[in-house]
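Engineer: from the sequence below, what's the structure:
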Amino acid sequence: MTRVVLVHGIAQQFRGGQTLLADWYPALCDGVALAGGPRLDPGEVAMAFYGDLFRPAGHRGLGIPELDAGDVEEGLERDLLLQWWETAARAENRVPGPEAAARMRTPDVVQRALNALSHSAFFAGLSERLMIYSVRQVRRYFTEPELRERIRERFASAVTESTEVIVAHSLGTVVAYETLCARPDWPDLKLVTLGSPLAVPRLVFDRLLPKPAQGRGRWPAPVSRWSNIADRGDVVALAKELAPHFGDRVCDVLVHNGAKAHDVRPYLTAVATGRAITDGLRGAAGRP
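Structural biologist: Down below sits the predicted model:
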């Protein structure tokens with residue numbers, strides 16, 4: 001009986017659904033327990049996994065392709081990297097700012113962005129090619145319709161008649177939102193978004209399906225309650241509040257995740273997240 005469905009974000013192509021679930025599940029339980037919620041058995045939680053759809057084809061351990069600044073495409077890939085850079089520079093003193101970078105040639109400005117982001121707590125330890133491969137996954141989701149649909153189908157197949165709460169992180173919030181909008185016949189669901197880029201103008205918000213109208217995104221019909229949790233220093237969740245873009249029914253809450261602002265585990269262990277999940281579980285005991 002799947003009561004809670006989890007939806008991951010980018011850079012999970014070498015993981016698996018059960019591996020990722022084993023990583024998320026203890027943090028999920030901790031957050032719910034801190035909020036005074038019920039214990040969730042492992043069989044009540046499922047991971048909607050789609051990371052393998054981004055795994056490079058081939059064999060012999062080819063892994064991530066050899067990518068450098070010259071491989072970053074104009075448009076969404078370049079713009080998203082610059083946005084991450086600008087946001088990280090504002091949030092962290094150790095990240096040098098872009099200044100007049102927008103006027104530079106693409107390989108030059110991208111190399112500067114990659115160099116600067118290597119000093120960010122969020123990107124610490126990531127190689128340049130992994131950063132590029134991560135931003136490429138976002139671009140591919142929005143520009144490859146067949147891939148987009150396959151990812152959404154993975155999420156849809158994880159939702160059952162017993163599902164009560166959807167907990168989505170990062171790009172997973174886009175996957176969950178678009179799929180929920182496309183399934184108005186699904187029964188009452190509660191949505192919890194963590195570190196969501198849904199309201200980032202131009203790069204994400206204006207690319208959503210269905211298309212926003214007059215600056216407002218459509219409310220996903222099956223959702224009766226939507227809680228959005230964001231860390232003030234999260235460079236991916238540039239727009240911390242979703243209510244101005246999706247309606248006042250969204251409950252926006254700020255949390256503090258420490259140095260790893262976008263990491264899903266501190267998001268899951270936050271009391272605010274546990275409370276949102278607990279409130280969404282039908283028949284859950286009321287919190288103190």
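
Engineer: CA atoms of the worst-scoring helix or strand of the chain on mean pLDDT as PDB?
Structural biologist: For the chain, the helix or strand with the lowest mean confidence is helix 106-117, at a mean of 79 (criterion: mean pLDDT, DSSP states H and E). Presented in PDB, the C-alpha positions along helix 106-117 are these (Å, rounded to 0.1, in the frame of the first residue of the first chain):
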ATOM      1  CA  THR A 106      29.800  31.400 -24.200                       C
ATOM      2  CA  PRO A 107      32.900  29.200 -23.600                       C
ATOM      3  CA  ASP A 108      34.600  31.900 -21.600                       C
ATOM      4  CA  VAL A 109      31.600  32.800 -19.400                       C
ATOM      5  CA  VAL A 110      30.700  29.200 -18.900                       C
ATOM      6  CA  GLN A 111      34.300  28.400 -17.800                       C
ATOM      7  CA  ARG A 112      34.200  31.300 -15.300                       C
ATOM      8  CA  ALA A 113      30.800  30.000 -14.000                       C
ATOM      9  CA  LEU A 114      32.100  26.500 -13.600                       C
ATOM     10  CA  ASN A 115      35.200  27.800 -11.800                       C
ATOM     11  CA  ALA A 116      33.100  29.900  -9.500                       C
ATOM     12  CA  LEU A 117      30.500  27.200  -8.800                       C
END
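
Engineer: for that helix, what is the distance to the chain centroid?
Structural biologist: A distance of 23 Å separates the centroid of the chain from that of helix 106-117, by Cα atoms, centre = their mean, to the nearest Å.

Engineer: who touches it?
Structural biologist: 69-70, 72, 74, 78, 81-82, 84-85, 88-89, 95-98, 101-102, 104, 123, 128, 131-132 (Cβ atoms under 8 Å, 6 or more residues apart in numbering). For the C-beta atoms, the positions are set from N, CA and C on the backbone; glycine is no exception.

Engineer: at 6 Å instead, please
Structural biologist: Applying Cβ atoms under 6 Å, 6 or more residues apart in numbering, the contact partners of helix 106-117 are 69-70, 72, 74, 78, 81-82, 85, 95-96, 101, 123, 128.
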